[in-house]
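In: this one's sequence-less:
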C-alpha cells in the first residue's frame with residue numbers, strides 16, 4: 001500500500017495534469033476563434049481613449065514609451081495621454097516636459113505614493129469613456145490599440161480587454177527563459193479569456209470602460225499588484241474581461257537573478273494575498289470558471305510546488321542522515337557498483353508517463369503562445385532555459401512570499 005506521501009504526490013500530479021488538459025480542451029474547442037490579424041484594421045467608430053503612463057525613475061525608457069503611443073494607428077485627436085511622475089528622483093520629469101508641445105499630452109507631478117496613486121490621479125482627470133494604462137518600461141505596437149478597441153465594438157458587455165505582452169531585448173539566459181514564459185502566458189491568458197476566468201489585467205495597455213471605475217471605485221494598493229486586484233473586483237461584480245491575442249505590447253524583462261527575484265516575489269506575494277482577500281469567491285456558484293477553475297488552479301499550483309520541494313528536501317535529508325549513520329557504524333564504504341537510485345524500487349512507468357504528459361502539455365502551450373505572437377510553430381531553446389531557470393529559482397520567491405504572508409513581514413517593494 002502506498003504511503004500517505006505517495007498518495008498526496010499522485011493527487012497533486014494528477015491535478016496539475018488536469019489543469020493543463022483543461023487548457024488543451026479549451027484550445028481545441030476555440031482554436032477557430034483565435035484570429036491573428038495582419039496590417040491595419042478599421043473601426044466603425046473611434047471612441048476617445050485616455051492612456052495613463054505612471055512613472056517613477058524611468059528616464060531611460062519613458063521616451064520610447066511615449067513615442068510608441070504617439071505612433072499608434074489611431075486618430076490622434078481621439079487619444080489623450082497622461083504622463084504622471086510619481087515623485088521621481090532622476091530626470092523622468094525633464095523627459096516628460098519634452099512632450100508638452102503635443103496637444104493631446106498632459107503631464108502631472110506628484111509626491112511618491114506608489115503606482116496605484118499615480119493611476120488614481122489620472123483617473124480623477126479622465127473625461128473619456130475608455131481608459132488604459134501603459135507601464136513606462138513598455139512600448140505599444142502601432143496596431144495594438146485599434147485591435148483592442150475592436151473587441152469593445154463587437155461586444156458591449158466587455159468591460160476590459162488585455163493585450164499580449166511580449167518580452168523583448170532578451171540577452172541573458174534569465175531573459176530568454178522569461179521570453180518563453182511570456183509566450184506561455186499569451187496562450188494561458190487567451191484560454192482563460194474563453195472561459196471568462198482572467199484574474200489579472202496587466203499594466204501594459206489593458207483598456208477599460210470608464211464605467212468600471214465609476215461603479216467599482218479607483219485602484220487600490222492591493223499588495224503592490226493593483227492590476228490583479230481590479231481584475232478580481234471585476235470578476236466579483238460579473239464584469240467581463242477579454243484578451244486580445246494579436247494586440248502586442250513589448251516589455252523589457254529583468255536581466256539578472258536579483259532583479260527577477262524581486263519582481264517575482266512581488267507578483268507571488270500579491271497573488272497569494274489577493275486570493276486571501278477574495279477567498280470567499282472560491283467554489284462559489286455564480287462566478288463560473290473564475291471560481292471553479294482559475295482560483296483553484298492558482299491554489300493547486302502553490303500547494304503542488306510547496307509539497308514537491310518539501311518532499312525533495314525531506315528525501316535528501318533522509319538520505320544524508322542514513323549515510324551519516326552508516327558512516328558512523330561501518331566507516332567510509334563507497335561501492336561504485338551500487339546504483340544511487342535503483343529503478344527496481346520505483347514505479348518508473350507511471351512517474352515517467354505522468355511527467356512526460358505534463359511537460360509535453362506545457363511545451364505545447366509555449367509553442368502555441370509563440371504562434372499567437374509570431375504566427376509560426378517551432379521549438380525554441382528558450383523553453384529549456386525556462387524549465388531550468390524557473391525550476392531552480394521559483395521555490396525561492398515562492399517560499400519567501402509565503403513566509404512574508406504568514407509572519408506579516410515587510411511587503412515586497414517594486415524595486
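Out: Perfect, I can see it now. Here the structure is a predicted model, which is why all the values come from computation and not from measurement.

In: what's whatever helix or strand residue 95 lives in in contact with?
Out: Residue 95 is part of helix 92-97 when elements are defined by DSSP states H and E. Residues outside helix 92-97 that contact it (Cβ atoms under 8 Å, 6 or more residues apart in numbering): 55-59, 62-63, 66, 83, 85, 107, 109, 136. Bear in mind the C-beta positions are built from the backbone N, C-alpha and C, glycine included.

In: For the helix or strand just after that helix, buried residues please.
Out: Downstream of helix 92-97, the next assigned helix or strand under DSSP H and E is strand 105-110. Using 16 or more other Cβ atoms under 10 Å as the burial criterion, the residues of strand 105-110 that qualify are 105-108.

In: Now do the phi/psi pair for residue 375.
Out: Per-residue torsions, residue 375: phi 60, psi 40 (degrees, to the nearest 10).

In: How many neighbouring residues does it have?
Out: Neighbour count for residue 375, taken as other Cβ atoms under 10 Å: 10.

In: For it, which non-adjacent residue is spatially closest?
Out: Leaving out its chain neighbours, the residue that sits closest to residue 375 by Cβ to Cβ, 6 or more residues apart in numbering is residue 36, at 5.5 Å.

In: can you give me the strands in the stretch 201-350 of the chain?
Out: Using DSSP state E, counting those that start in this stretch, the strands of the stretch 201-350 of the chain run over residues 207-209, 240-252.

In: Deepest-packed of those, please.
Out: strand 207-209 (a mean of 24; mean count of other Cβ atoms under 10 Å).

In: so what strands line up beside it?
Out: When pairing is defined by DSSP bridges, strand 207-209 lines up against strand 130-133 (antiparallel), strand 158-168 (antiparallel).

In: Could you list the residues in contact with that strand?
Out: For strand 207-209, contacts defined as Cβ under 8 Å, 6+ apart pick out 49, 129-132, 145, 148-149, 152, 158-161, 201.

In: show me what contacts the residue minimising distance to the centre of the chain?
Out: Among the residues of the chain, residue 185 comes closest to the average C-alpha position under Cα atoms, centre = their mean, at 6.4 Å. If you count contacts by Cβ under 8 Å, 6+ apart, residue 185 has them with 165, 369.

In: helix/strand/coil for it?
Out: helix (DSSP: H, G, I helix; E, B strand; the rest coil).

In: Got the confidence number for the residue of the chain most remote from its centre?
Out: Centroid-distance maximum for the chain: residue 330 at 53.1 Å, with Cα atoms, centre = their mean. Listed pLDDT for residue 330 reads 71.

In: Could you do residue 198 as well?
Out: At residue 198 the predicted local confidence, pLDDT, stands at 96.

In: average pLDDT across the helix holding residue 95?
Out: So the average pLDDT for helix 92-97 ends up being 95.

In: list the buried ones in it?
Out: For helix 92-97, a neighbour-count test (16+ other Cβ under 10 Å) marks 92-93, 95-96 as buried.

In: Those residues: which two are farthest apart?
Out: 93 and 95 (7.3 Å; Cβ to Cβ).

In: what about the helices in the chain?
Out: Counting by DSSP state H, the chain has helices at residues 4-30, 62-70, 92-97, 115-125, 144-154, 173-195, 211-216, 226-236, 257-277, 288-289, 295-330, 348-374, 382-406.

In: of all these, which lies closest to residue 78?
Out: Per Cβ to Cβ, nearest to residue 78 of the helices of the chain: helix 144-154, 9.5 Å.

In: Remind me what the closest one packs against, helices and strands.
Out: When contacts are defined as 3 or more Cβ pairs under 8 Å, 6 or more residues apart in numbering; DSSP states H and E, helix 144-154 packs onto strand 49-55, strand 130-133, strand 158-168, strand 207-209, strand 240-252.

In: ok, 7 Å please
Out: Packed against helix 144-154 by the contact rule (3 or more Cβ pairs under 7 Å, 6 or more residues apart in numbering; DSSP states H and E) you find strand 158-168, strand 240-252.

In: Throw those into TSV and include mean pLDDT and distance to residue 358, thanks.
Out: Formatted as TSV, those follow (pLDDT from 0 to 100; distance: least, Cβ to Cβ, whole Å):
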stretch	mean pLDDT	distance to residue 358
strand 158-168	96	24
strand 240-252	95	24
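
In: As JSON lines, the ones you listed with distance to residue 260 would be great.
Out: Below are those laid out as JSON lines (distance: least, Cβ to Cβ, whole Å):
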{"stretch": "strand 158-168", "distance to residue 260": "12"}
{"stretch": "strand 240-252", "distance to residue 260": "12"}
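
In: will you turn the buried residues of strand 105-110 into TSV that also has distance to residue 32 and pLDDT?
Out: Output for the buried residues of strand 105-110, formatted as TSV (distance: Cβ to Cβ, whole Å; pLDDT from 0 to 100):
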residue	distance to residue 32	pLDDT
105	41	97
106	43	97
107	45	96
108	45	96
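
In: related to what we said a few turns ago, looking at the strands paired with strand 207-209, which is buried most?
Out: Of these, the one with the most neighbours on average (mean count of other Cβ under 10 Å) is strand 130-133, at a mean of 26.

In: So residue 55 sits against residue 62, correct?
Out: Yes: when contacts are counted by Cβ atoms under 7 Å, residue 55 is listed as touching residue 62 (5.3 Å).

In: Pull up the overlap in contacts between those two.
Out: The contact sets of residue 55 and residue 62 overlap at 92, 136 (Cβ atoms under 7 Å, 6 or more residues apart in numbering).

In: Residue 76 and residue 377, how far apart?
Out: 37 Å (Cβ to Cβ, to the nearest Å).

In: can you check residue 232 too?
Out: Counting by Cβ to Cβ - residue 232 and residue 377 are separated by 34 Å.

In: ditto for residue 364
Out: According to Cβ to Cβ, residue 364 stands 10 Å off from residue 377.

In: Which one's more surrounded, these two?
Out: residue 364 (16 against 9).

In: quick one, phi/psi of the residue nearest to residue 375?
Out: Residue torsions, per degrees, to the nearest 10, at residue 36 are phi -120, psi 110.

In: Check the burial of the closest residue to residue 174 other than its chain neighbours by counting its neighbours.
Out: Nearest residue to residue 174 in three dimensions, chain neighbours excluded: residue 260, at 5.7 Å (Cβ to Cβ, 6+ apart). Using other Cβ under 10 Å, residue 260 is surrounded by 21 other residues.
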